[in-house]
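**Q** Predicted model and sequence below, questions to follow.
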Amino acid sequence: MVVEFRHVYYSLERRPLLSDLSFSIGQGETLVLLGRSGCGKTTTLRLINHLLTPTAGEIQVEGVSTQTWNPIHLRRRIGYVIQEVGLFPHLTIERNVGVVPALEKWPSQRIKSRVDELLHLVGLDPAQFARRYPHELSGGQRQRVGVARALAADPPLLLMDEPFGALDPITRVELQREFKRLQQQLGKTVVFVTHDIGEAFTLGSQIGLMQAGQLVELATPQDFARSQHPEAQAFLSTRKSEYP
Amino acid sequence: MNFLTRYANEILQSTGEHLTLVLVATAIAILIGIPLGILITRKPQLRTPILGFANVMQTIPSLALFGFLLPIPIIGGIGARTAIVALILYSLLPIIRNTYVGIMSVDPAIREAGRGLGMTDRQLLLQVELPLALGVILAGVRVATVISIGLATIAAAVGAGGLGTFIFRGVAVVDNQLILAGAVPAAILALVADFILGWVERRLTVKK
C-alpha cells in the first residue's frame, strides 16, 4: 500500500472536519476523492503530505506513519499540484520546474536535462518556454508547468487538488486527456481531488465519495455508477442533466 | 554668488556629515528592522508589542526624542551617536511594517506550493517570501531614508553636525540665506534618495 488511512480524525478548533477515515491506495492506482465543497477532500489530501497532522488515527505513506516521516523528506517524495498552481512568479519556468531537484542539490546539468524532458512530457517546447516567466503563460500552460514541477524529482506519489478546476472547459478536457495518457505512461500513484463527476470517471481507477467529513462510498467507476447511496445518486444525476 | 563661494566648502562638508548620519542610521535600521519584520510573521504574538514600540517612537516629536536621548548613558550624549540612535528609532517603523506586510501579502497559494514541495521554513523565506516581498521592503527603506534626511537637520541641536547647523545658525541670526544653505541641499538629498531608491524598487519588484 502506498497510502493507508487508519481511523483518521481531524478537527480544527474542536470543529470535526474528518471522522473515522479508513482506506488505502495501492501502487499505480488513481483514487479520485469526489465531494461537495467543504466535505473534507482537500483536508484529506493535506494530511497525506503532513501539511496537517491528524487529531487521532494514523496515515501511513509507504508503510511509515506521516508523523514518523521527516516532513521535508516526505513532501519531496510526493508531487503536489494545486488549483491555483502556485508557480513562483520571480522564477523562470525552467527554475520553477527545477525547484525540487535544486533543493535536492542535483548537479545543474542534470537539472537542466530533467527540466527539458519534463517540459516535453507536458507538451511545452523548452526552447520556447524555459526562459519565460509564469505571468507570460496562459492558465492551461501554467498548470502544465505545475504538473511538470510536481513530477520533477520523480516522486512515486502525486497529490492533485482540483488541478484543472480553474481552467476553461476545453482546456480542462484537453489536460484531463493528457494527464490520463501521462498517468498510463508513468504509472504513478495518484490521489486526485475534484467536485466534477465527469473528471472522476475519466481519471479514477477508484472513486471515493466524501460527505461531511466521511468517506461514504469507495468503488471502481463501474460500481460507482450503480451506487445507491443518496449522495452518489445526487452526483450521478448532475451528470445526466449535463448532457440532455 | 558671493555667499555660495564663501560657504561652498562648509556646505559640502555638512552635506557629507548629513549623508553619513543618514546612511549609518538607515543601515543599522535595516539590520534591525528586517529581522524584526520577519520575526513577527513567524511569531504573531510578538506583532503587537514590536509594532507598538515602533509606532510609539514615531509619535514622539523629533526634537523631544533628541532631548530624551541626551542624558541616557552609552547611547546618549552630545554628538553623532545620539542623532544616529534617534534616526534609527524613527526608521524602524516603516522598515518593520513593510517587511511584515511584504511577506504576509505573498499569495497563500505560492506559500502552500512551496511547503508542499518540501521547502524548509528557511528555504521558503529566502527563496520565495523575501524575493517576492523585496519591492515592498524597499519601499519601506525609501520612506525611512527620506524621513531621516529631513529629521537629520535637527541632529545639529545635539551637536551632531549636518546641514541643520546652517538652519539653526540662520534662525539664530535671522538670516534667510543661511537657512536656505541648509534647507536646499537637504531637500535635494531627499529628492535624489527618493528617486534612486524608487528606481531600485521598481527594478526589483516582481511582476505578478
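**A** It's in. None of the values given here were measured: they were computed from a predicted structure.
**Q** Show me the longest helix that occurs in chain B.
**A** Looking across chain B with DSSP state H, the single longest helix is helix B:2-42.
**Q** tell me the angle the next helix or strand after that one makes with helix B:2-42.
**A** Stepping forward along the backbone from helix B:2-42, the first helix or strand reached (DSSP states H and E) is helix B:47-59. Calculated by axes from the mean of the first three to the mean of the last three CA atoms, to 10 degrees, helix B:47-59 forms an angle of 170 degrees with helix B:2-42.
**Q** Pick out the residue closest to the middle of the chain.
**A** Answering for chain A, as no chain was given. Among the residues of chain A, residue A:160 comes closest to the average C-alpha position under CA atoms, centre = their mean, at 1.3 Å.
**Q** ah, I was thinking of chain B
**A** To find the centre residue of chain B, average its C-alpha atoms and take the closest one (CA atoms, centre = their mean): that gives residue B:144, at 3.0 Å.
**Q** got the contact list for that one?
**A** Contacts were defined as CB atoms under 8 Å, 6 or more residues apart in numbering or on different chains; by that measure residue B:144 touches B:26, B:29, B:33, B:90-92, B:94-95. Heads up, the C-betas are built off the backbone N, CA and C, glycines and all.
**Q** What score does it have for pLDDT?
**A** The pLDDT attached to residue B:144 in the predicted structure is 96.
**Q** Can you tell me, leaving aside adjacent residues, what's nearest to the residue in chain A that chain B sits nearest to?
**A** Scanning chain A for the residue nearest chain B gives residue A:86, at 2.9 Å (criterion: CB to the nearest CB). Taking CB to CB, 6 or more residues apart in numbering or on different chains as the measure, residue A:86 lies nearest to residue B:113, with 2.9 Å between them; neighbours along the chain are not counted.
**Q** on that earlier part again, checking the residue of chain A closest to chain B next. Helix, strand or coil?
**A** Taking DSSP: H, G, I helix; E, B strand; the rest coil as the rule, one finds residue A:86 in the coil state.
**Q** Spit out the contact partners of it.
**A** Neighbours of residue A:86 in contact, by CB under 8 Å, 6+ apart: A:146, B:107, B:109-114.
**Q** of the residues you listed, closest to residue A:192?
**A** Minimum distance to residue A:192 across the contacts of residue A:86 is 13.6 Å, recorded for residue A:146 (CB to CB).
**Q** residues touching the closest one, list them.
**A** So residue A:146 contacts A:81-82, A:85-87, A:163, B:113 (CB under 8 Å, 6+ apart).
**Q** Which pLDDT does the model give it?
**A** 95.
**Q** Checking my notes, it in a strand, right?
**A** No: residue state for residue A:146 (three-state DSSP) corresponds to helix; a strand is not indicated.
**Q** Alongside chain B, which residues does chain A contribute?
**A** With CB under 8 Å from any CB of the partner chain as the criterion, chain A meets chain B at residues A:49, A:51, A:72-76, A:78, A:80, A:82, A:84-90, A:99-100, A:103, A:133, A:135, A:146, A:149-150, A:159.
**Q** from the residues you listed, which would you call buried?
**A** Among the residues of chain A next to chain B, those buried by neighbour count (16 or more other CB atoms under 10 Å in any protein chain shown) are A:49, A:51, A:72, A:74-76, A:78, A:80, A:82, A:84-90, A:99-100, A:103, A:133, A:146, A:149-150, A:159.
**Q** Helices - which of those residues land there?
**A** Checked against DSSP H, these include these in helices: A:72, A:74-76, A:99-100, A:103, A:146, A:149-150.
**Q** Which residues lie in contact with the residue in chain B that chain A sits nearest to in this structure?
**A** Among residues of chain B, the one nearest chain A by CB to the nearest CB turns out to be residue B:113. It sits 2.9 Å away. Contact analysis of residue B:113 by CB under 8 Å, 6+ apart lists A:80, A:82, A:85-88, A:146.
**Q** what do you get for residue B:32?
**A** For residue B:32, the set of contacting residues under the criterion of CB under 8 Å, 6+ apart consists of B:88, B:92.
**Q** Per-residue pLDDT of it, please?
**A** In this model, residue B:32 carries a pLDDT of 97.
**Q** Tell me how far it lies from residue B:92.
**A** Separation of residue B:32 from residue B:92 (CB to CB, to the nearest Å) stands at 7 Å.
**Q** ok, now residue A:25?
**A** Using CB to CB, residue A:25 is found at 52 Å from residue B:92.
**Q** Tell me which of the two has more neighbours.
**A** With other CB atoms under 10 Å in any protein chain shown as the criterion, residue A:25 and residue B:92 differ in neighbour count, and residue B:92 comes out ahead with 26 against 22.
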